[in-house]
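[1] Test case, fold it:
(one chain, ligands or ions: 1)
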Amino acid sequence: FRAISSMPEPCRSSPISDGDSCDFDWDSLGFGLMPTDYMYIMKCAINESFERGQISRYGNIELSPSAGVLNYGQGLFEGLKAYRKDDGGVLLFRPHENALRMRAGADRMCMPSPTVEQFVDAVKQTTIANRRWVPPPGKGSLYIRPLLIGTGPILGLAPSPEYTFLVFASPVRNYFKEGSAPLNLYVENEFDRASRGGTGGVKSISNYAPVLKAITRAKSRGFSDVLYLDSVNKRDVEEVSSCNIFIVKGNVISTPATHGTILPGVTRKSIIDIARDRGYEVEERAINVEEVLDAREVFCTGTAVGVAPVGSITCMDRRIEYQTGAETTCQELYSTLVGIQTGTIEDKMGWTVEI
Ligand code: COI
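    Residues are numbered from 1 along each chain as shown. Purely as a prediction, here's the structure:
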């Protein structure tokens, strides 16, 4: 395995303006990949520890055709963001949480994992190396994508003999083509996202390709994304393909409890804490789809998605609409979270890491 360093000069898509941010049309950003200058790579053999990671130029990597990740999907990913402050500084949001989640996932997927310190250090180094790609305030964020993959060659079904931890980054703005407009979700009846005893509760790469069929079908019918039900009874809501879900009724905010089939999102966890701090009652429990249809507000949370209002949910032939807009709980929680992430609201919880 080796990184192929054949990339052109840094900030190649446009001239450099002031050395700290690219002279780039930030308004053109969506959630497409915009390759940045550097990535971080660290390797280890099975039963050994990761060491000697380093930053290298962003570029393609070379893999054995028999790499564990290619043949048996032995891999995890993470997602976190760096935000530009008004004074030009850069804040990472809760990188330790992603490090802990990767360690939990690595255990489930039979992989060695970087320590929390190694993970956070790699994320910091990647962000610093690509600092000019952190968009100006209000124009998006730098999405950081750590990967942990089995890169050693293997033929029989077994853990890979070698692993690679890699971190790359891309500036992003809105995840959905709707921008910040409310989402229209479709309740999926045929396909499941996760099942009991599976890997739905960790960020395994193998959780994501199986939902592409449902997403593609829903998008072709004009929906933004798919809301999955529990695979046993097809009764309780679980999560959306790319994010967690919350419902609001009165002063009570509810979200499905994470019992192994739902990803424990870092944004989910943060919104729960912010909502409680602001006086809401927050419940983590099973939520029957009928209750969702009966809610006043519904919103989604995720690192890529942020906090996104849901305008409608279609279940079978029923289309239910929800309250959205300026005076909503969703908007209140979103503004508070973004304020903390970008340094305009005091970070009482100690969630941000300045680099
Ligand atoms: C994230 O929110 O960071 C994710 O990993 C979701 C992914 C589908 C973009």
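
[2] Indicate the residue of the chain located nearest to the ligand.
    Gly79 (2.3 Å; C-beta to the nearest ligand atom). For glycine as for every other residue, the C-beta is placed from the backbone atoms N, C-alpha and C.

[3] Distance of Thr301 relative to Asp121?
    Distance of Thr301 to Asp121, given as C-beta to C-beta, to the nearest Å: 27 Å.

[4] Looking at the two, which one has more neighbours?
    Higher neighbour count among Thr301 and Asp121: Thr301, with 27 against 17, using other C-beta atoms under 10 Å.

[5] what residues are up against the more buried one?
    Taking C-beta atoms under 8 Å, 6 or more residues apart in numbering, we find Thr301 in contact with 243-246, 265, 267-268, 271, 307-308.

[6] And Glu284, by the same measure?
    The contact partners of Glu284, taken as C-beta under 8 Å, 6+ apart, are 254-258, 272.

[7] is it true that it lies in a helix?
    No. According to DSSP: H, G, I helix; E, B strand; the rest coil, Glu284 belongs to no helix; its state is strand.

[8] so where does Ala106 fall, helix or strand?
    Here Ala106 sits within helix 95-108, counting by DSSP states H and E.

[9] in whatever helix or strand comes next after that helix, what's buried?
    Using DSSP H and E, the helix or strand that follows helix 95-108 in sequence is helix 116-129. Buried residues in helix 116-129, counted by 16 or more other C-beta atoms under 10 Å: 116, 118-127, 129.

[10] Who are the packing partners of helix 116-129?
    Counting contacts by 3 or more C-beta pairs under 8 Å, 6 or more residues apart in numbering; DSSP states H and E, helix 116-129 packs against strand 38-45, strand 51-57, strand 90-93, helix 95-108, strand 141-150, strand 162-172.

[11] The same query, at a cut-off of 10 Å, please.
    Helices and strands touching helix 116-129, by 3 or more C-beta pairs under 10 Å, 6 or more residues apart in numbering; DSSP states H and E, are strand 38-45, strand 51-57, strand 80-84, strand 90-93, helix 95-108, strand 141-150, strand 162-172, strand 352-354.

[12] Nearest to Arg276, out of these?
    In terms of C-beta to C-beta, the element of those nearest to Arg276 is helix 95-108, at 17.1 Å.

[13] can you pull the buried residues of the closest one?
    By neighbour count with 16+ other C-beta under 10 Å, helix 95-108 contains the buried residues 95-103, 105-106.

[14] CSV please, covering the residues you listed and showing pLDDT and distance to the ligand.
    Output for the buried residues of helix 95-108, formatted as CSV (pLDDT from 0 to 100; distance: C-beta to the nearest ligand atom, whole Å):
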residue, pLDDT, distance to the ligand
Pro95, 98, 13
His96, 98, 16
Glu97, 98, 12
Asn98, 98, 9
Ala99, 98, 14
Leu100, 98, 15
Arg101, 98, 11
Met102, 98, 12
Arg103, 98, 17
Gly105, 98, 12
Ala106, 98, 16
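
[15] of the residues you listed, closest to Glu190?
    Distances from Glu190 to the buried residues of helix 95-108, taken as C-beta to C-beta, are shortest for Gly105 (27.0 Å).

[16] Looks like the closest one contacts Leu76 (just checking).
    Yes. At 4.3 Å, Gly105 counts as touching Leu76 under the criterion of C-beta atoms under 10 Å.

[17] The ligand contacts on the stretch 251-355 of the chain?
    Counting by C-beta under 6 Å from any ligand atom, the stretch 251-355 of the chain comes close to the ligand at 302-305.

[18] Bridging across strands, which residues link to Pro309?
    Beta bridges link Pro309 to Phe299 when assigned by DSSP bridges.

[19] what residue ranges in the stretch 201-350 of the chain score low on pLDDT?
    Applying pLDDT under 70 to the stretch 201-350 of the chain flags no residue at all.

[20] residue boundaries of the helices in the stretch 201-350 of the chain?
    For the stretch 201-350 of the chain, the helices defined by DSSP state H, counting those that start in this stretch cover 212-220, 266-277, 289-293, 329-342.

[21] which two from the residues of the stretch 251-355 of the chain next to the ligand end up farthest apart in space?
    So, those by C-beta to C-beta: farthest apart are Thr303 and Val305, at 7.5 Å.

[22] what touches both of these two?
    175, 242-243, 265, 267 (C-beta atoms under 10 Å, 6 or more residues apart in numbering).

[23] and those as JSON lines, adding neighbour count?
    Shown next, in JSON lines, are the shared contacts of Thr303 and Val305 (neighbours: other C-beta atoms under 10 Å):
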{"residue": "Tyr175", "neighbour count": "22"}
{"residue": "Ser242", "neighbour count": "21"}
{"residue": "Cys243", "neighbour count": "25"}
{"residue": "Gly265", "neighbour count": "24"}
{"residue": "Thr267", "neighbour count": "25"}
